[in-house]
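Engineer: pasting the structure only:
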């Protein structure tokens, strides 16, 4: 029973992380619609995460913390660029030049890109000769198909909310007025952001091997990310009034997004990368959009369309197939190890010597 519970811990952890990220997205949507600066929000978010995680890391890992070398600091600095500051800036730039919906389509490609990037480094293996390899490849392709359907095919509305449909045509007209140059630049920014975010899982894998302290490594990473985001904010605009928080909603959003979204969630993802690898952790990315859509319907009374529902179902099916392939591969590896250990034990057993005693023949 203990082994079974341990096997389910990464699944439960990632679902909880996606749930927390979905709540963060709802709060971010509220404060950004009211005019809060994107980079200022990222800077405050990462600084709160650093302040929250620093004492937790000190007291929880002070006896098991290895030596912090310059090599590890370089990894953590790169992890902050790839996972927090530059990646979020590129996504915000892509949203500004395209649309939030189009940006979500790129975000849903993270599991597949992570899987493809893992193949040359032999972190993941996919062979069409075995069922686990076919499941991982097929599940990844199904996730991509579901994500594309979720984004590009709206379909008929399933609920009637007053004042919802009236805003949609304006959004589509605004999207249609975007110039080709801005749209191309936005696509390039989103592509770079997805590549960086997928690369973060591999950097975090190396960090976990060299510095296996999730709280300490995340605190240092968010500290570097705070400095990087602050420099980006000052470079983009030097208006000091944008740093002033307005209202309880902005304060609540920064506290929750910092302590939970950029704090505990990154700690949980770092642990899952260490336990299950980068592809397993990245495979849960589409769930954030699905949960956010559910919260939009229940809390913000947003409209749900048939294409979104079908796309969400296909993403879940593809994710299940991909995770089944990962679990099947793990079972095969364990079986091979157990079989090899059994063979080694048999070879080390002392061979029984057969002694034949012949009696002399009587004359």
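Structural biologist: Structure received. The model shown is predicted, which means the values in this text are computed figures rather than measured ones.
Engineer: low-confidence ranges in the stretch 101-250 of the chain?
Structural biologist: Residues of the stretch 101-250 of the chain that meet the criterion pLDDT under 70 lie in 101-106, 150-151, 154, 159-180.
Engineer: and the helices in it?
Structural biologist: Using DSSP state H, counting those that start in this stretch, the helices of the stretch 101-250 of the chain run over 110-118, 131-152, 167-176, 180-210, 214-236, 247-256.
Engineer: among those, which is nearest residue 333?
Structural biologist: helix 131-152 (9.6 Å; Cβ to Cβ). The way it works is simple: take the backbone N, C-alpha and C, and place the C-beta from them, glycine included.
Engineer: re earlier: which stretch among the helices of the stretch 101-250 of the chain approaches residue 75 most closely?
Structural biologist: Using Cβ to Cβ, the helices of the stretch 101-250 of the chain put helix 180-210 closest to residue 75, at 5.1 Å.
Engineer: how much space between residue 209 and residue 279?
Structural biologist: Using Cβ to Cβ, to the nearest Å, one gets 16 Å for the distance from residue 209 to residue 279.
Engineer: same check, this time on residue 228
Structural biologist: Where residue 279 is concerned, residue 228 sits at a distance of 27 Å (Cβ to Cβ).
Engineer: repeat for residue 288
Structural biologist: 17 Å.
Engineer: among those two, which residue is more densely surrounded?
Structural biologist: Set residue 288 next to residue 279 and count neighbours by other Cβ atoms under 10 Å: residue 279 wins out with 27 against 20.
Engineer: for the more buried one, give me its contacts.
Structural biologist: Residues counted as contacts of residue 279 (Cβ atoms under 8 Å, 6 or more residues apart in numbering) are 111, 114-115, 118, 123-124, 136, 201, 326.
Engineer: centroid residue for the chain?
Structural biologist: residue 282 (4.4 Å; Cα atoms, centre = their mean).
Engineer: in contact with that residue, which residues?
Structural biologist: When contacts are counted by Cβ under 8 Å, 6+ apart, residue 282 touches 110-111, 114-115, 198, 201.
Engineer: burial count for the closest residue to residue 209 other than its chain neighbours?
Structural biologist: Sequence neighbours aside, residue 274 is the residue nearest to residue 209 in space, at 7.9 Å (criterion: Cβ to Cβ, 6 or more residues apart in numbering). Here the number of neighbours of residue 274 (other Cβ under 10 Å) works out to 17.
Engineer: separation between residue 274 and residue 90?
Structural biologist: 26 Å.
Engineer: so which of the contacts of residue 279 comes closest to residue 40?
Structural biologist: Checking the contacts of residue 279 against residue 40 with Cβ to Cβ, the nearest one is residue 201 at 27.2 Å.
Engineer: what ranges do the helices span in the stretch 251-363 of the chain?
Structural biologist: 265-276, 278-282, 285-298, 306-348.
Engineer: what's the most buried one of those helices?
Structural biologist: Mean neighbours per residue, mean count of other Cβ atoms under 10 Å, is largest over the helices of the stretch 251-363 of the chain for helix 278-282, with a mean of 26.
Engineer: run the chain-centre distance for that one.
Structural biologist: Computed by Cα atoms, centre = their mean, to the nearest Å, the chain-centroid distance of helix 278-282 equals 7 Å.
Engineer: quick one: average confidence on it?
Structural biologist: Per-residue pLDDT values over helix 278-282 give a mean of 80.
Engineer: quick revisit: can I get the helices of the stretch 251-363 of the chain in TSV with distance to residue 73?
Structural biologist: Formatted as TSV, the helices of the stretch 251-363 of the chain follow (distance: least, Cβ to Cβ, whole Å):
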stretch	distance to residue 73
helix 265-276	16
helix 278-282	21
helix 285-298	28
helix 306-348	32
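Engineer: so which of the ones you listed is nearest residue 11?
Structural biologist: That would be helix 306-348 among the helices of the stretch 251-363 of the chain, by Cβ to Cβ, at 7.9 Å.
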